[in-house]
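Visitor: Sharing a model that was predicted from the sequence below.
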Amino acid sequence: MPETERTGPANRSISPLEMLRCWGYIGATGFGGVLPMAYHELIERRKWLTVTEFTEILAMCQVLPGPNVVNFAVVFGMRGAGLRGAAASLVGLMAFPICIVLSLATLYAGFSDVEAVRNAFRAVAAAAAGLISAVTAKLLWPVITQARAMTVVVLAVAAIAVLSLPLVLVIFTLGPLSVFLAYLAGRRRHD
Amino acid sequence: MTEDFLQLLGYLAGYSLMAIGGVNVILAELHRLVVATQGWMTAADFATLFALAQASPGPNTLFVSLIGWHMAGIPGGVIATVVFTLPPVIVATLAARLWNAWGERRWFRTLQMGLAPLTIGLMVASAWLLINTAAVSWVSYAITFAAATAALATRAPPVLILAVAAVIGVLGLV
């Protein structure tokens, strides 16, 4: 299917039940971070979103307070099927993982000394970091040749990873700067 | 329900609106509250609960569920999650409404176009920090690299890649 024919939740209606099932699957299989699973399901498997739409929703969710993926599910659900969609996506994302994490916590005391369990956790953490890196690379790829976008990307990485500045500070300084650069770019195009 | 737990819920509702970018942003603040200031748990408890949340499927928010669980059992876990999730969810719902109303306006598109690169930058930074947090040996880096390559080059579901990593871990190769 060509890129242009893919339709997002804004222009194609997805039933709340479909959303519940989709987000339930994303939540239940999202080990070490839900974003790679959301990317896989929403873009690659179900084709409900394009990479650009995914980035736009994520961008909005990162400046909103609260967990990004929870916000993502709510915004996605709202845009596709209103409040019912938002509720379905949210319940789908949270219900099963909460049951698992509370069961795991209850069981953990008995198994925390088993070397194999600790080793498995370590390996899964490393692989999860790899999956996040892959999603990051996929989001980065379409803008890698754009000077405006890459300036902001490099500044953000330097501020967080190198200088360890607080995230809120970075968002409230680089955010306006980046929007201003986008404004200038848009004005140049229209002139 | 104890007074301490009610106090925790009050803090969580407030923190939830400060956590721009997710629960990782307020980890230091949570640690200060529950370990240093209030003494509701030890630093070791805190670290164990965090590792458990990481090992479970689902959003990182589950760490907050475990803090609630530690203080008030399974109902405490569920209540803490709801209290921490609800305020941001209400904000996100309103934001999505505005998006539907203003999505086609030019200034809104400019806002989105401007925020997208910042998002990607923050993702690169978190990926970088996560890789280094997860690394305990050169094998960890190899697993990270192999997982990223598999995700980029194939359409394998992420859960399959993680399962393979878990097997490598169980075999004691890390």
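Guide: Sure, I can see it.

Visitor: what stretches of chain B score poorly on pLDDT?
Guide: Chain B contains residues with pLDDT under 70 at B:1, B:21-22, B:24-25.

Visitor: Ok, chain A next?
Guide: Applying pLDDT under 70 to chain A picks out residues A:1-12, A:32, A:109-110, A:112-113, A:190-191.

Visitor: biggest helix in it by residues?
Guide: helix A:68-111 (DSSP state H).

Visitor: what's the answer for chain B, then?
Guide: Longest helix in chain B, counting by DSSP H: helix B:62-102.

Visitor: does any part of that helix sit near chain A?
Guide: Yes - interface with chain A: helix B:62-102 contributes B:62, B:65-66, B:69, B:74, B:77-78, B:81, B:85, B:87-89, B:91-93, B:95-97, B:99-100 (CB under 8 Å from any CB of the partner chain). The way it works is simple: take the backbone N, C-alpha and C, and place the C-beta from them, glycine included.

Visitor: Does the next helix or strand after that helix reach chain A?
Guide: Using DSSP states H and E, the next helix or strand after helix B:62-102 towards the C-terminus is helix B:106-134. Yes - applying CB under 8 Å from any CB, one finds helix B:106-134 touching chain A at B:106, B:109-131, B:133-134.

Visitor: distance between helix B:106-134 and the chain's centre?
Guide: 16 Å (CA atoms, centre = their mean, to the nearest Å).

Visitor: what's the helix or strand just after it packed up against?
Guide: Toward the C-terminus, helix B:106-134 is succeeded by helix B:138-153 as the next helix or strand (DSSP H and E). Packing partners of helix B:138-153 (3 or more CB pairs under 8 Å, 6 or more residues apart in numbering or on different chains; DSSP states H and E): helix A:115-140, helix B:106-134, helix B:158-170.

Visitor: Pull out the buried positions in helix B:138-153.
Guide: Across helix B:138-153, burial judged by 16 or more other CB atoms under 10 Å in any protein chain shown covers B:139-141, B:143-144, B:146-148, B:150-151.

Visitor: which SS class is the residue nearest the centre of chain B?
Guide: By CA atoms, centre = their mean, chain B has its centre lying nearest to residue B:60, at 2.6 Å. Of the three states, residue B:60 takes coil under DSSP: H, G, I helix; E, B strand; the rest coil.

Visitor: need the contact list for the residue lying closest to it once chain neighbours are set aside.
Guide: Computed as CB to CB, 6 or more residues apart in numbering or on different chains, the closest residue to residue B:60 that is not its neighbour in sequence is residue B:23, at 4.7 Å. Shown in contact with residue B:23 (CB atoms under 8 Å, 6 or more residues apart in numbering or on different chains): A:67, B:59-61, B:63-64.

Visitor: Could you do residue A:104 as well?
Guide: Residues in contact with residue A:104 (CB under 8 Å, 6+ apart) are B:52, B:55-56.

Visitor: Excluding chain neighbours, what is closest to residue B:20?
Guide: With CB to CB, 6+ apart as the criterion, residue B:20 has its nearest non-adjacent residue at 5.2 Å, and that residue is residue A:65.
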